[in-house]
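**Student:** Quick one, structure for this:
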Amino acid sequence: MATSVKPPRSSFVLGLIGAVFLALFAGLIALGAWQLQRRGWKHDLIQRVDSRVHAPPAAAPGPAEWPAVSAARDEYRHVRLRGRWLPGADTRVQAVTDLGPGFWLLSPLRTDAGYTVLVNRGYVPDARTAAAAVAPTGDIEVAGLLRLSEPGGGFLRQNQPAQDRWFSRDVAAIAAARGLDGAVAPYFVDAERGAPLPGDLRTAPQWPVGGLTVIKFPDNHLQYALTWFALALMVLWAGWRVWREEARRRAAAG
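**Tutor:** Now for the predicted structure:
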């Protein structure tokens, strides 16, 4: 019994199918190329951040520089501050770290230049430990990494200033809740770890524990680019199958 062959498609239908395949192919190639561009940008960012983190600490940006502070230019800069801690204004921000769940302990530092910077002094495991980790009095110098404010809250959790519940380091909201007067920097500083800590951090730490900043940039762009290019090749293969089928139909039709 002869196998029936469908009649050839019309020129309009073939043109429409060709346009769809061409649009899909071009779009997938564009997505792959965009991911390669993102990969180059990401590698440049990683290199810049690495150079900032390991550079000698420089003076933190003062009020004249605040309007220009940005993630691209300033995030993770190694900075230093000199001044005095403001007593009674600590803030606990919920955190999950390499040492487990707990809190970041943020304390305001009134600098010698007269403005205030929120400093993340480090990790504490619970509220009781945070209350006991009183900042020292007198002049002090702090070195650490400049971080930009985290407004709003954490993932699916909004900050609740009225209940003193914080899920992100929102500089403006914390400064308002603590009644900090004068100029307050639009960034905070993750304090670096001081002298080496005795024993195992999990059993005998000196609270708070600084230097736990996670600097990690996902770099999956090459994988994504290869995926888009592979899909583009699949579109080409599908187009070739359609073309071959159409050639067979036209040959059968004579």
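**Student:** Of all the residues in stretch 14-30, which ones are buried?
**Tutor:** The neighbour-count check on stretch 14-30 (16 or more other Cβ atoms under 10 Å) flags 17, 21, 24-25, 28-29 as buried. C-betas here are computed from N, CA, C, even on glycine.
**Student:** contacts for it?
**Tutor:** Contact partners of stretch 14-30, identified using Cβ atoms under 8 Å, 6 or more residues apart in numbering, comprise 9, 228-229, 231-232, 235-236, 238-239, 242, 246.
**Student:** Need the buried ones from the residues you listed selected in ChimeraX.
**Tutor:** Filtering these down to the buried ones (16+ other Cβ under 10 Å) takes a single ChimeraX command:
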select :9,228,229,231,232,235,239,246
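**Student:** Make CSV out of the contacts of stretch 14-30 and add secondary structure.
**Tutor:** CSV is the format used below for the contacts of stretch 14-30 (DSSP: H, G, I helix; E, B strand; the rest coil):
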residue, secondary structure
9, coil
228, helix
229, helix
231, helix
232, helix
235, helix
236, helix
238, helix
239, helix
242, helix
246, helix
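**Student:** ok, of the contacts of stretch 14-30, which one's closest to residue 173?
**Tutor:** Each of these was scored against residue 173 by Cβ to Cβ, and residue 228 proved nearest at 40.2 Å.
**Student:** State the three-state secondary structure for the residue nearest to the closest one when sequence neighbours are not counted.
**Tutor:** Distances taken as Cβ to Cβ, 6 or more residues apart in numbering put residue 32 closest to residue 228, at 3.7 Å, once the chain neighbours are dropped. Under the three-state scheme (three-state DSSP), residue 32 adopts helix.
**Student:** and residue 32, how many neighbours?
**Tutor:** Close neighbours of residue 32, defined as other Cβ atoms under 10 Å, add up to 20.
**Student:** what sits against it?
**Tutor:** Taking Cβ under 8 Å, 6+ apart as the test, what residue 32 contacts is 224-229, 232.
**Student:** let's see 10 Å
**Tutor:** With contact taken as Cβ atoms under 10 Å, 6 or more residues apart in numbering, residue 32 is in contact with 221, 224-232.
**Student:** For residue 28, give me phi and psi.
**Tutor:** For residue 28, the backbone dihedrals are phi -70, psi -40 (criterion: degrees, to the nearest 10).
**Student:** C-terminal to the lowest-mean-pLDDT helix or strand in the chain, what's the next element?
**Tutor:** Of all regular secondary-structure elements in the chain, judged by mean pLDDT, DSSP states H and E, the least confident is strand 153-154 with a mean of 84. The first helix or strand that comes after strand 153-154 along the chain, using DSSP states H and E, is strand 157-158.
**Student:** What strands line up against that next one, and which way round?
**Tutor:** Strand 157-158 has its sheet partners listed here by DSSP bridges as strand 153-154 (antiparallel).
**Student:** what's downstream of the helix or strand in which residue 131 is found, the next helix or strand?
**Tutor:** Under DSSP H and E, the secondary-structure element containing residue 131 is helix 127-132. Where DSSP H and E defines the elements, the next helix or strand beyond helix 127-132 is strand 140-148.
**Student:** Would you mark the buried spots in that following strand?
**Tutor:** Applying a neighbour-count criterion of 16+ other Cβ under 10 Å, one finds 142-148 buried in strand 140-148.
**Student:** would residue 190 count as being in a helix?
**Tutor:** No. Residue 190: not assigned to a helix; according to three-state DSSP it is strand.
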